[in-house]
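Engineer: I'll drop the sequence and a predicted model, then ask my questions.
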Amino acid sequence: MATTPQPAHRTSRRTSGISRRLLLTATASALFVTATACGSAVNTADGSSADGLITLSMHNPDSRTQDPATWQMVQEFNKQHPDMKIRLEGQPVDQHEQRMTIAAQSGTLPEIFWVYDSLAKTMVKSDDLLDLSPILAENGLKSKFAPSMLAGFRQDGVQYGLPYQALVTGFYYNKALLDEHGIAVPETFEDLLAAVKKLKAAGVAPIAQGANNSAFSVWAFLTMLDRFGYEAKYPDILSGKARYDNADFLRLYRHVEELAEAGAFPSNMNTQTYAQAVASYTDGKAAFLDAGVWEAAKIQKSAVGKDTGFWAGPTFSDGVGEQKLVMNVPSAPFVVSAKVKEDKKKYAAVKAFIQFYYSDAGQKILVDNAQPPVTTYQPQVDTAKNSVFAAVLAEASKSGWKSPKAQPDLVVSAATASAMYDSFYGVMGGSLSPEQAVKNVQKTIESAE
Amino acid sequence: MSTHVDVRPKTTPPSADKDVPHSPRRRGRGRIIVSAAAYLITFVILFPLLWIMLLSFQTNDNILNHPFSLSQLTLDNYRQALDTLNLLVMYKNTLILAVVSVTIGLVISYLAAFALTRMVFRGGRRRTQNTLRFYFLAGLAVPVYILLFPVYRLDISFGLFGTYLALILPYIAVTIPFNILLLTGFLRDFPEEIEQAAVMDGVGLWRMAWKVVFPLMRPVVATLAILNVIYVWNEFPFAVTLINDPNMTTVSLGVSQFQGVYSVNYGAMMASATLVLLPQLAIYAAFQKQVIAGMTAGAVR
Amino acid sequence: MNWLTTRRSFALMVAPALIVYSLYMIYPILYSLYYSFTRFDGVSAGGFAGLDNYRQMAHDDAFWTSMRNTGVVLGIALFLLVPLGFLLAILLSGRVKGSGALRALVFAPAIIAPILVGLIWIFILDPKIGLVNAFLLAIGVPAQPQWIGGPTLSPYSIGLVYLWQQIGFVLTIFYAGLRMLPRDVMEASSLDGAGRWQQLRYIQIPMMRETFGIVTALVVTGVFKVFELVYALTGGGPVHLSEVMVSYMYHITFTTQQYGYGMALAVVVFVVGALASAATFLGNRRKGEVR
């Protein structure tokens, strides 16, 4: 015991200097942080509006590569409006939704942002979003839209959103692969099932799907839901007068099971992401890809670009109602923070951006990036150079075919939408029987709607 | 609690790398087998990392479709990563956050741990101290995702949003429970003799805490510093929620930059993962002796 | 030392940590607790729900699956991670040339962002493009198990990835514990002719009870926080079969916007985690006293 304190003293003398310096550094850096904090607070926390700066917050962290249409739109806008400025920012979609939710809670929403419609609807309820009707009324902007493009984004008389892009969804198919195995482009479900069996026997992956962190990637199947009468049924289902686990829907899920049992889906469907599914298609490994128009540009550039066609999906002899349906609906909306109206400069900038986005010049930017216009703008598409995009547009405007008003998952709550995705992927992957799948959705509706 | 802490080993480097003395007759074949096993296991543990580094030199298409073909190795992913990410800014921000939050966090954790273990009251207030200690330790079980909403609100109402402090405060709070766990664990077994001797010399309370006891805690503090820095370096949920200024992004956000809704650039992700990882490995390699020494000194008692 | 301590100085010393911690950790827990009794959707107030959210759990299969999976991970952590970490610590405790470097390398997985850990292991475990199944094919094993993404193996794979991520950390603590063993005891025992195994069985393990206690406590609290690696590895799929408690809570709160229910789940995660770690802490203490 007598010796213990001695080494202690030695060490203490040596390190006290160090710890003092450490403390000093800490204090100094704390001061530094506070100082920079004050500096940056001016232009971020409440955004000095003197320069008409507004923020557009998107669901892609790097729009330049992940959503070039929007990126180019903002660049062009900033060039044409030197007195205004849009700052484009974004996060991966999950984090984006999370952030917008939190921001709405705290009243710190960005001026314009993309958001899933279900979240937008909850924001309307708490008056977080700006009514865009006055902006639409000016310069005849409203007349540029087909009524169906705006109808979905109205609630309690408030036009809270405008279509960001159009959702044209279905199956891309690889003509060369189909030809190689003597398969004609399918039309009915039986055609599709036969094609799947042939492809599977030949060792080709039939339909590329990826569920990992992309459970929403069941677009073609959502259209099929409409071919079993979803659009007529869903108001009653949501209000409890009808059920999701009805005989019609069950028949559809049984068909999905038939596809699964025929080996339509990849063995790693649940671990691959949607992006991986796309890659397997563009690599020529899969014959069909469940996706939408947003992939046209990527597919065009890939090795399978020249062989790719687009198909709205199968018709069903045991379906309900209209079978000639092709999904061509507005995607999630752009919405504007209600706070914008308190600041004239910001309001002017938001208005200018909206007018620019839906002007013909703006819509041309969409088309140039292989996105269909959301207004009535008639695009000029070079069918030779953009064969994939042209094929999608052709399928979307096929005569005698109609579009549902909205995609089935976009008219229900986020919880129900998620349960719907799960129900399809569950049956595709064999972890749910068709009966369980529809029952699960019904259960979610009962607790969430 | 029974193993008595011996201050000696920390100051005698010779024992630093060898704990158990090996008897001479244990050499030879047995030793070769043991070595082979050790190298093999280490390799197996490291393999996933090597695999990722290898993938980072492959094209995105190859990663997804032909991950085993090594035909088209490229530096493109690194070029994209460097193009997209402002690495210097990210490293700078991360460093500021790490240095400030870890320093302050350790200082206040140490003060609290000292008060909770070394202070003696006349009336015997062990109970208060133990209750407080448990109160702090409860934080070990908090899943960080329940903190996001309330922390965001706190930051807004304190006017901190958009500043470094918006992140520093939650980072400090999250590291406090573990800091207190280790620090109190050590301080409780700290030999009273040293304190008594200091008291005889007329040393006051604050001097006691900083000049007498703290220096002996260096190894534990170093350990905690490194573990805390690793935490801040990797922290994602707070960073992605609380940072909305591109000039304030941190390295942990880097990888997510390549994750679009419909497109994921795996190649660039792997490359930026590697770019984030290498400095971390280097830092750890440089300090790992401290970590071990710190744990030895008291963490585990 | 009574003359040293006043209540004022005690308060001064504890206050900074207490304030930051209470504001940024405890207040959020109370906040979540409050919202767990509401139908809050994250944006607009949703009215008081009483115990509904907690009742909902009873009928929520996915919640029970997430509990079970967390249990699987906990089992793997306790019965594989802890013993393997200990054995590895012994293996790397100095006999092997360059063992210092090896220890540093083995620690590497513990310093990687957990979200990256998930990403990395996709490329190893994926049934189609993953390394493991490719290796199985190469050595002539035709089976291509669905390590992740299938209905059964996913939680075990998650447990193993967690083991991989944590083993370096566990090893480090054990190694430190080993070095704390009094040298004279070890020397004496080896002079007495005790074999390596006997030393381990009768001297090292019993003397390291404290260390085992600490490791267990850390591993238990860690398991109840596993999130990112599940999120990246399987996204909780297929159909929530590989969800763990925190990832399921995340899904409910942020993906399905049932904030009230999500917070109820969070409260349960916290309570279960806190109870489990309190149990290990108390268990440690009792063992310590017996000795």
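Structural biologist: Done, it's in. Numbering: from 1, shown residues only, chains lettered A, B, ... in the order given.
Engineer: hang on, isn't residue A:372 packed against residue A:396?
Structural biologist: Yes: counting by Cβ atoms under 8 Å, residue A:372 does reach residue A:396; the two are 6.9 Å apart. In short, each C-beta sits where N, CA and C put it, glycine included.
Engineer: which of those two has more neighbours?
Structural biologist: Using other Cβ atoms under 10 Å in any protein chain shown as the criterion, residue A:372 and residue A:396 rank with residue A:372 on top: 24 against 20.
Engineer: dump the residue contacts of that one.
Structural biologist: Contact partners of residue A:372, counting by Cβ atoms under 8 Å, 6 or more residues apart in numbering or on different chains, are A:165, A:166, A:168, A:293, A:328, A:366, A:379, A:392, A:393, A:396.
Engineer: Kindly report the same for residue B:274.
Structural biologist: Shown in contact with residue B:274 (Cβ under 8 Å, 6+ apart): B:52, B:53, B:56.
Engineer: tell me which residues of whichever strand or helix holds it are tucked away?
Structural biologist: In this structure, residue B:274 sits in helix B:266-294 according to DSSP states H and E. Residues of helix B:266-294 classed as buried by neighbour count (16 or more other Cβ atoms under 10 Å in any protein chain shown): B:266-277, B:280-281, B:284, B:287-294.
Engineer: Low-confidence ranges, the chain, go.
Structural biologist: The chain I'm using is chain A. In the prediction, chain A carries residues with pLDDT under 70 at positions A:1-51.
Engineer: I was after chain C.
Structural biologist: Where chain C drops to pLDDT under 70, the residues are C:1-5, C:94-95, C:180, C:186, C:191, C:193-194, C:285-291.
Engineer: cutoff 80 now
Structural biologist: Regions of chain C meeting the criterion pLDDT under 80 cover residues C:1-6, C:42-46, C:93-97, C:99-100, C:150-151, C:176-177, C:179-211, C:214, C:237, C:281-291.
Engineer: Close to chain A: what parts of it are there?
Structural biologist: For chain C, the residues found near chain A under the criterion Cβ under 8 Å from any Cβ of the partner chain are C:41-45, C:56, C:59, C:122, C:125-129, C:144, C:146, C:148-151, C:231-235, C:237-241, C:251-252, C:254-259.
Engineer: in chain B, which spans are helices?
Structural biologist: Under the criterion DSSP state H, chain B contains helices at B:8-11, B:29-55, B:60-65, B:76-84, B:87-118, B:126-137, B:148-157, B:165-188, B:192-200, B:205-207, B:218-234, B:237-242, B:266-294.
Engineer: same deal with the stretch 201-350 of chain A?
Structural biologist: According to DSSP state H, counting those that start in this stretch, the stretch 201-350 of chain A carries its helices in the segments A:219-226, A:230-239, A:247-261, A:274-282, A:296-301, A:344-357.
Engineer: got CSV for the ones you listed, with distance to residue C:79 and mean neighbour count too?
Structural biologist: Listed next are the helices of the stretch 201-350 of chain A as CSV, based on distance: least, Cβ to Cβ, whole Å; neighbours: other Cβ atoms under 10 Å in any protein chain shown:
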stretch, distance to residue C:79, mean neighbour count
helix A:219-226, 42, 24
helix A:230-239, 47, 16
helix A:247-261, 36, 19
helix A:274-282, 34, 26
helix A:296-301, 47, 20
helix A:344-357, 58, 20
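Engineer: closest to chain C out of the ones you listed?
Structural biologist: Chain C sits nearest to helix A:274-282 of all these, at 7.8 Å, using Cβ to the nearest Cβ.
Engineer: hmm, who's touching that closest one?
Structural biologist: Under the criterion Cβ under 8 Å, 6+ apart, external residues in contact with helix A:274-282 comprise A:172, A:174, A:205, A:208-212, A:214, A:217, A:266, A:269, A:272, A:286, A:288-291, A:295, A:298-299, A:302-304, B:60-61, B:64-65, B:262-264, B:266, C:129.
Engineer: Stretch C:109-120 too?
Structural biologist: B:45, B:48-49, B:51-52, B:230, B:233-234, B:236, B:252, B:255-256, B:269, B:273, B:276-277, B:280-281, B:284, C:161, C:164-169, C:227-233.
Engineer: how many neighbours does the residue in the stretch 51-200 of chain C positioned nearest to chain B have?
Structural biologist: Here the stretch 51-200 of chain C gets closest to chain B at one residue, residue C:176, 3.2 Å apart by Cβ to the nearest Cβ. For residue C:176, the number of neighbouring residues by other Cβ under 10 Å comes to 25.
Engineer: so which strand or helix has it?
Structural biologist: With elements delineated by DSSP H and E, residue C:176 resides in helix C:154-180, which encompasses its position.
Engineer: Which neighbouring elements make contact with that helix?
Structural biologist: Contacts of helix C:154-180 with other secondary structure elements, assessed using 3 or more Cβ pairs under 8 Å, 6 or more residues apart in numbering or on different chains; DSSP states H and E, are made with helix B:29-55, helix B:266-294, helix C:61-76, helix C:82-91, helix C:99-107, helix C:114-125, helix C:209-223, helix C:228-233.
Engineer: switch to 6 Å and redo it
Structural biologist: Under the contact criterion of 3 or more Cβ pairs under 6 Å, 6 or more residues apart in numbering or on different chains; DSSP states H and E, the helices and strands touching helix C:154-180 comprise helix C:61-76, helix C:82-91, helix C:99-107, helix C:114-125, helix C:209-223.
Engineer: Can you give me the buried ones in the last one?
Structural biologist: This points to helix C:209-223. C:209-223.
Engineer: residues contacting whichever residue of the stretch 51-200 of chain A sits closest to chain C?
Structural biologist: With Cβ to the nearest Cβ as the measure, the residue in the stretch 51-200 of chain A that lies nearest chain C is residue A:126; the distance is 3.6 Å. Contacts for residue A:126 (Cβ atoms under 6 Å, 6 or more residues apart in numbering or on different chains) come out as C:43, C:44.
Engineer: Residue A:94 now?
Structural biologist: Shown here is residue A:94, which makes no contacts under the criterion Cβ under 6 Å, 6+ apart.
Engineer: Give the buried residues for the helix or strand harbouring it.
Structural biologist: With elements delineated by DSSP H and E, residue A:94 resides in helix A:93-106, which encompasses its position. Taking 16+ other Cβ under 10 Å as the basis for neighbour counts, the residues of helix A:93-106 that come out buried are A:93-105.
Engineer: and if you look at stretch A:105-124?
Structural biologist: A:105, A:108-124.
Engineer: Just to be sure, which of those are found in strands?
Structural biologist: When DSSP state E defines the strands, the subset of the buried residues of stretch A:105-124 inside them is A:112, A:113, A:114.
Engineer: How about the top helix by length along chain C and chain B, touching?
Structural biologist: Of all the elements of type helix in chain C, the one with the most residues (DSSP H) is helix C:259-290. Yes: using Cβ under 6 Å from any Cβ of the partner chain, we find that helix C:259-290 touches chain B at C:266, C:269, C:270, C:273, C:274, C:277, C:288.
Engineer: which of these count as buried?
Structural biologist: Those of the residues of helix C:259-290 next to chain B that meet the buried threshold are C:266, C:269, C:270, C:273, C:274, C:277, by 16+ other Cβ under 10 Å.
Engineer: how about the residue nearest to the last one when sequence neighbours are not counted, what does it touch?
Structural biologist: Here the nearest residue to residue C:277 in space, its sequence neighbours aside, is residue C:221; by Cβ to Cβ, 6 or more residues apart in numbering or on different chains that works out to 4.7 Å. The contact partners of residue C:221, taken as Cβ under 6 Å, 6+ apart, are B:140, B:141, C:277.
Engineer: could you redo the last one with a cut-off of 8 Å?
Structural biologist: Listed by Cβ under 8 Å, 6+ apart, the contact set of residue C:221 reads B:140, B:141, C:273, C:276, C:277.
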